[in-house]
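**Student:** Structure for the following, please:
(one chain, ligands or ions: 2)
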Amino acid sequence: MSDKAVLVTGGAGYIGSHTVIELLNANQNVVIIDNLTNSSYEAVRRIEKLTEKKVTFYKVDILDKKAMLEVFKRHDIWAVIHFAGLKAVGESTRIPLDYYHNNITGTILLLEAMKESNVHNIVFSSSATVYGDPAIIPIPETLPTGATNPYGRTKQFIEHIIRDLCTAENNWNAALLRYFNPAGAHPSGILGENPLGVPNNLMPYLSQVAIGKRECLSVFGEDYDTPDGTCVRDYINVIDLAKGHLAALTKMREPNVGCAEYNLGTGHGNTVLEMIHAFSKAVGRDLKYKIVARRPGDVRNLTANPEKANKELNWKCEKTLEETCESLWNWQSKNPNGLEDCPGDAPAESIICYL
Ligand code: NAD
Ligand code: WQD
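**Tutor:** Residues are numbered from 1 along each chain as shown. Ligands and ions are numbered 1, 2, ... in the order given. As a prediction, this is how the structure comes out:
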């Protein structure tokens with residue numbers, strides 16, 4: 001057991017909360033900061049319930065550098081896993097300044113606070129969206145990036161910022177993890193994705209159709225050059241994804257790691273219709289869907305070549321698509337309203353705010 005702690009920004013969110021569980025199960029000390037704009041404090045309570053361990057949580061905004069410096073002062077932190085950010089592609093086209101400010105300014109302030117606190121190891125949540133419409137499938141990390149929306153550009157710019165920092169100051173280490181399409185939930189059914197409002201993504205929308213909260217799934221386009229005409233994505237189980245972060249942290253303990261990009265995906269693509277059928281099987285009945293026009297901005301195929309992460313991080317996906325669908329249905333059926341009905345805010349003593 002290491003006495004030093006890992007700081008997890010955005011640790012109350014979907015991927016962050018599942019990663020915190022894996023960190024605690026691996027006997028790492030964890031400190032979470034999250035402003036709870038897209039999550040609920042209940043996720044932290046559930047992490048504690050599942051792991052039977054205490055989590056240190058602060059309601060802190062990454063735009064509040066003074067508050068972050070206070071957290072670094074209170075805890076002996078050796079690495080940061082940086083999930084905090086806004087993530088809705090459509091919303092980012094409507095309010096780009098909010099996205100650039102929250103994601104990019106927030107990350108710069110975090111990096112400054114880390115530097116001032118002598119912490120130089122960072123694992124960053126990037127996204128396959130940085131590849132835009134890729135020319136090669138499966139996608140290798142060497143493919144030039146070319147995000148096509150403000151959200152994706154925040155990820156691309158942050159990657160550049162972290163890379164430049166690692167080049168300028170060789171005591172920094174960074175893993176830029178490009179996630180493909182995270183899906184599924186904790187197998188206990190106690191923790192999962194908790195979308196606020198109408199879900200943008202396929203799997204949470206489909207699971208709300210299954211639970212009766214939404215009438216019918218709209219499938220965006222059936223005229224793509226794919227086996228059944230619908231888009232192909234690489235759906236990665238959230239537990240496998242969480243474990244990828246542990247693997248990246250382990251790598252950081254090696255000397256002279258520097259900065260590297262890694263695709264976190266299964267290497268296997270599925271069409272939208274295949275996902276509907278796989279999830280319907282987990283639910284045990286057919287789910288209503290209709291084909292509609294293409295969604296602007298969607299690309300034909302995003303499938304990872306995960307060989308670099310397999311080799312250098314000694315990590316690979318282990319969960320099957322069936323397990324992913326079953327875990328999602330287990331979570332959704334046990335929590336029809338997600339965490340909506342649970343008491344929301346963090347305890348007063350955990351709030352640090354100088355903004
Ligand atoms: P999420 O919204 O569930 O989690 C993000 C967390 O960050 C939330 O709890 C939110 O409250 C917090 N947050 C946002 N802005 C903050 C701020 N200024 N200060 C403090 N906390 C803040 O999202 P997620 O799906 O868990 O995604 C985590 C990260 O992974 C994000 O950076 C996202 O862009 C990236 N990512 C997600 C996906 C995906 O499909 N879910 C894919 C690729 C990359
Ligand atoms: C998957 C497929 C849709 C909803 C987004 C972000 C990406 C990353 C993951 C953060 C596509 C189709 C969807 C629906 C549908 N997030 N679909 N009906 O667009 O691959 O990726 O989330 O980094 O950056 O862009 O994921 O789940 O929205 O869509 O037919 O109601 O499902 O057209 O083919 P996407 P998604």
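**Student:** Can you list the low-confidence ranges for this structure?
**Tutor:** Where the chain drops to pLDDT under 70, the residues are 1-2.
**Student:** And the strands in it?
**Tutor:** Along the chain, the segments classed as strands by DSSP state E run 5-9, 29-34, 56-59, 77-82, 121-127, 173-179, 181-183, 217-220, 232-233, 235-237, 259-264, 270-271, 289-292, 301-302.
**Student:** Check which helices and strands the third one sits against.
**Tutor:** The contact analysis (3 or more CB pairs under 8 Å, 6 or more residues apart in numbering; DSSP states H and E) places strand 56-59 against strand 29-34, helix 41-51. (C-beta placed from N, C-alpha, C; glycine too.)
**Student:** mind redoing it with 7 Å?
**Tutor:** For strand 56-59, the contact count by 3 or more CB pairs under 7 Å, 6 or more residues apart in numbering; DSSP states H and E identifies strand 29-34 as packing neighbours.
**Student:** who does the strand it packs on pair up with?
**Tutor:** Strand 29-34 sits in its sheet next to strand 5-9 (parallel), strand 56-59 (parallel), going by DSSP bridges.
**Student:** out of those, which comes closest to Leu249?
**Tutor:** Closest to Leu249 of these, according to CB to CB: strand 5-9, at 6.8 Å.
**Student:** Return the distance of the closest one from the chain's centre.
**Tutor:** 15 Å (CA atoms, centre = their mean, to the nearest Å).
**Student:** So which bits of it are buried?
**Tutor:** If you call a residue buried by 16 or more other CB atoms under 10 Å, then strand 5-9 has these buried ones: Ala5, Val6, Leu7, Val8, Thr9.
**Student:** With respect to Ile236, which of these is nearest?
**Tutor:** Proximity of these to Ile236 (CB to CB) peaks at Val8, which lies at 18.9 Å.
**Student:** now that closest one: how far from ligand 1?
**Tutor:** The gap separating Val8 from ligand 1 is 10 Å, by CB to the nearest ligand atom, to the nearest Å.
**Student:** what residues are up against that residue?
**Tutor:** Counting by CB atoms under 7 Å, 6 or more residues apart in numbering, Val8 makes contact with Gly16, Thr19, Val20, Val30, Ile32, Ile81, Phe83.
**Student:** got a winner among these for most neighbours?
**Tutor:** Val20 (33 neighbours; other CB atoms under 10 Å).
**Student:** of all of the stretch 201-350 of the chain, which residue lies closest to ligand 1?
**Tutor:** Closest residue of the stretch 201-350 of the chain to ligand 1, CB to the nearest ligand atom: Asn201 (6.1 Å).
**Student:** Same check on the chain?
**Tutor:** Closest point on the chain to ligand 1, by CB to the nearest ligand atom, is Gly13, at 2.0 Å.
**Student:** give the contact list for that residue.
**Tutor:** Asp34, Asn38, Ser39, Phe83.
**Student:** got the phi/psi numbers for it?
**Tutor:** Backbone geometry at Gly13, expressed as degrees, to the nearest 10, gives phi -80, psi -170.
**Student:** Confirm for me that Gln332 is in contact with Leu206.
**Tutor:** No. Gln332 lies out of contact with Leu206 (CB atoms under 7 Å); the separation is 9.4 Å.
**Student:** Now distance to ligand 2 too, for the strands of the chain, in JSON lines please.
**Tutor:** Below are those laid out as JSON lines (distance: least, CB to the nearest ligand atom, whole Å):
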{"stretch": "strand 5-9", "distance to ligand 2": "16"}
{"stretch": "strand 29-34", "distance to ligand 2": "17"}
{"stretch": "strand 56-59", "distance to ligand 2": "24"}
{"stretch": "strand 77-82", "distance to ligand 2": "14"}
{"stretch": "strand 121-127", "distance to ligand 2": "3"}
{"stretch": "strand 173-179", "distance to ligand 2": "6"}
{"stretch": "strand 181-183", "distance to ligand 2": "5"}
{"stretch": "strand 217-220", "distance to ligand 2": "4"}
{"stretch": "strand 232-233", "distance to ligand 2": "5"}
{"stretch": "strand 235-237", "distance to ligand 2": "8"}
{"stretch": "strand 259-264", "distance to ligand 2": "11"}
{"stretch": "strand 270-271", "distance to ligand 2": "8"}
{"stretch": "strand 289-292", "distance to ligand 2": "8"}
{"stretch": "strand 301-302", "distance to ligand 2": "6"}
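**Student:** Which positions in the protein make contact with ligand 2?
**Tutor:** 87, 89, 127, 129, 181, 200-202, 205, 217-220, 231, 233, 272, 295, 298, 302 (CB under 6 Å from any ligand atom).
**Student:** again, 8 Å this time
**Tutor:** 87, 89, 125, 127-129, 149, 151-152, 155, 179-182, 199-206, 217-221, 230-233, 272, 275, 294-295, 297-299, 302 (CB under 8 Å from any ligand atom).
**Student:** Separate out the buried members of those residues.
**Tutor:** The neighbour count (16+ other CB under 10 Å) marks 87, 89, 125, 127-129, 149, 151-152, 155, 179-182, 199, 201-206, 217, 219-221, 230-233, 272, 275, 299, 302 as buried among those.
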